[in-house]
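Peer 1: Provided below for reference: sequence and predicted model.
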Amino acid sequence: MVSLYAVVRNDIGMSPGKSASQAGHAYLGAFLAAQELTPAVAVDYAADLPGTKVCLQANLAGIIRAKEELELAGLPVYLVVDSGCANFFNGAPTITALGFGPATKAQLPKFITKLKLL
């Protein structure tokens, strides 16, 4: 089964709604990245919409490590950086999530498979 994935930061105290919106950005960004990097995979995923989505959690170091390992594996990734409006993160741009895929579980680096569901 091919899925889109989001890894949301669990170390910055986002509300459930903020976490959900950041995961949404991650899924969309990953899908758009897949259209550029692996168009055939994106078309196959889109043919079965709404498709499976998996939401994981990690701290900032885990998100950075995941991004690096996924890029080495050749999978599409999208790093979500919140724009830092005055209502969140003291107005500073902040990494909040990572999107990747579509991918099968077998394609994922071992580190990713150890992350917990959100």
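Peer 2: Received, thanks.
Peer 1: which residue is nearest the centroid of this protein?
Peer 2: Gly99 (1.7 Å; Cα atoms, centre = their mean).
Peer 1: Does that residue have any beta-bridge partners, and if so which?
Peer 2: Ala6, Tyr78 (DSSP bridges).
Peer 1: I'd assumed Gln22 was in contact with it.
Peer 2: No - the criterion here is Cβ atoms under 8 Å, and Gly99 misses it with Gln22 at 9.5 Å. Bear in mind the C-beta positions are built from the backbone N, C-alpha and C, glycine included.
Peer 1: intersection of neighbour lists for these two?
Peer 2: Ala6, Val80 (Cβ atoms under 8 Å, 6 or more residues apart in numbering).
Peer 1: From Lys116, how far off is Lys9?
Peer 2: One thing to correct before we go on: residue 9 is Arg, not Lys. 13 Å (Cβ to Cβ, to the nearest Å).
Peer 1: Which residue of those two possesses the greater neighbour count?
Peer 2: Arg9 (22 against 8; other Cβ atoms under 10 Å).
Peer 1: and the more buried one, what is it in contact with?
Peer 2: Going by Cβ under 8 Å, 6+ apart, Arg9 touches Gln22, Gln57, Ala58, Asn59, Leu60, Ile63, Ile95, Thr96, Ala97.
Peer 1: Buried ones among those?
Peer 2: By neighbour count, with 16 or more other Cβ atoms under 10 Å, those hold Gln22, Gln57, Ala58, Ile63, Ile95, Thr96, Ala97 as buried.
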